[in-house]
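> Quick one, fold the following:
(one chain, ligands or ions: 1)
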Amino acid sequence: MTQAQLKREQSPLLAVHDVSVVFGGIIALNGVSFDMQQGQILGLIGPNGAGKTTLFNCLSRLYQPSKGDILLDGESILTRPPHRIAEIGIGRTFQNVALFPNLTVLDNVRVGTHSRTNSDIISDSLRLPWVRNGEAALNKRVDEILGYLDLRDVAHTTVAGLPFGTQKRVELARALAAQPKILLLDEPAGGLNHEEVYVLGDLIRRIRDDRGVTVLLVEHHMGLVMSIADHVVALNFGRKLAEGTPAQVQADPDVIKAYLGSKDS
Ligand code: ATP
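The predicted structure follows:
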């Protein structure tokens with residue numbers, strides 16, 4: 001094993017280091033640090049206003065921390081514009097689903113592959129052989145993902161007409177089409193019924209197990225977090241309150257106190 005491989009094996013995939021975010025006079029995040037290991041499912045929890053969304057938005061580069069750093073594979077992501085994070089392997093879904101409603105499922109998922117293609121407009125219009133080969137590989141990848149997420153039957157259906165639960169699967173498919181190393185999920189259980197949350201949990205675990213994707217989950221649904229996360233980080237008032245296994249965090253007196261004092265409990 002080379003030194004570089006050894007370093008990669010030992011170091012975390014993602015390191016959040018002393019991150020603070022200030023909005024006007026409000027300290028939304030205050031010196032938060034934690035690591036994520038390759039292949040982990042990490043649940044980020046906390047009562048309303050704890051700072052979860054703010055941290056999520058830092059990870060997806062929508063917000064710029066006022067202090068601290070976020071490293072992916074040892075390299076800072078903070079110099080990257082938000083539209084270029086998919087290229088380095090960060091994928092995300094949105095709380096309220098952000099698909100193109102008038103496009104088909106297939107086309108929405110194809111959009112996800114965009115960050116991983118390296119063709120240009122001239123090669124595309126001339127349909128050079130390497131463009132055609134690239135397209136064939138891309139179509140194969142999209143078809144595989146549609147099959148994996150049980151979406152082949154609706155591939156040619158317009159997204160707007162689909163049930164919310166199916167739209168959420170399309171969003172996952174789009175994110176997976178960019179072949180992320182790490183997938184950021186923003187309250188994926190929101191708006192789903194009990195049965196759908198159970199199916200979603202199973203799916204997230206399978207995505208990690210089958211595809212080796214590391215998952216960060218911001219979620220209010222404690223049942224989901226505690227059943228699928230390997231590691232949990234709890235925030236409150238912008239600070240890290242506790243971290244550990246789901247059982248450790250659930251039993252932490254500070255976490256219990258924070259939830260009892262909030263309307264999330
Ligand atoms: P929820 O579970 O309710 O979504 P959260 O844990 O995601 O809460 P954040 O939305 O990150 O919490 O909010 C953390 C703090 O920062 C809150 O006090 C919030 O009011 C404040 N805040 C968040 N975004 C902004 C913003 N764009 N401008 C000003 N204050 C903000």
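
> Sketch out the helices for the stretch 101-250 of the chain, chain order is fine.
Ranges of helices in the stretch 101-250 of the chain, per DSSP state H, counting those that start in this stretch, are 105-112, 121-126, 129-148, 164-177, 194-211, 222-228, 246-251.

> Mind putting these into CSV with mean pLDDT?
Shown next, in CSV, are the helices of the stretch 101-250 of the chain (pLDDT from 0 to 100):
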stretch, mean pLDDT
helix 105-112, 88
helix 121-126, 59
helix 129-148, 79
helix 164-177, 91
helix 194-211, 94
helix 222-228, 94
helix 246-251, 95
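
> So which of these is nearest D186?
helix 164-177 (10.1 Å; CB to CB). C-beta here means a position set from N, CA and C on the backbone, and glycine is covered the same way.

> from the chain's centre, how far out does the closest one sit?
Helix 164-177 has its C-alpha centroid displaced from the chain centroid by 12 Å (CA atoms, centre = their mean, to the nearest Å).

> what angle sits between it and helix 194-211?
10 degrees (axes from the mean of the first three to the mean of the last three CA atoms, to 10 degrees).

> Any buried residues in helix 164-177, and which?
By neighbour count, with 16 or more other CB atoms under 10 Å as the criterion, the buried positions of helix 164-177 are 166-177.

> Just tell me which of the helices of the stretch 101-250 of the chain ends up closest to G25.
helix 246-251 (30.0 Å).

> Dump the C-alpha coordinates for the closest one into PDB.
Listed next in PDB are the C-alpha coordinates belonging to helix 246-251 (Å, rounded to 0.1, in the frame of the first residue of the first chain):
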ATOM      1  CA  PRO A 246     -27.600   6.100  18.300                       C
ATOM      2  CA  ALA A 247     -27.900   4.400  21.700                       C
ATOM      3  CA  GLN A 248     -25.300   6.700  23.300                       C
ATOM      4  CA  VAL A 249     -26.800   9.800  21.900                       C
ATOM      5  CA  GLN A 250     -30.400   8.800  22.800                       C
ATOM      6  CA  ALA A 251     -29.300   8.200  26.400                       C
END
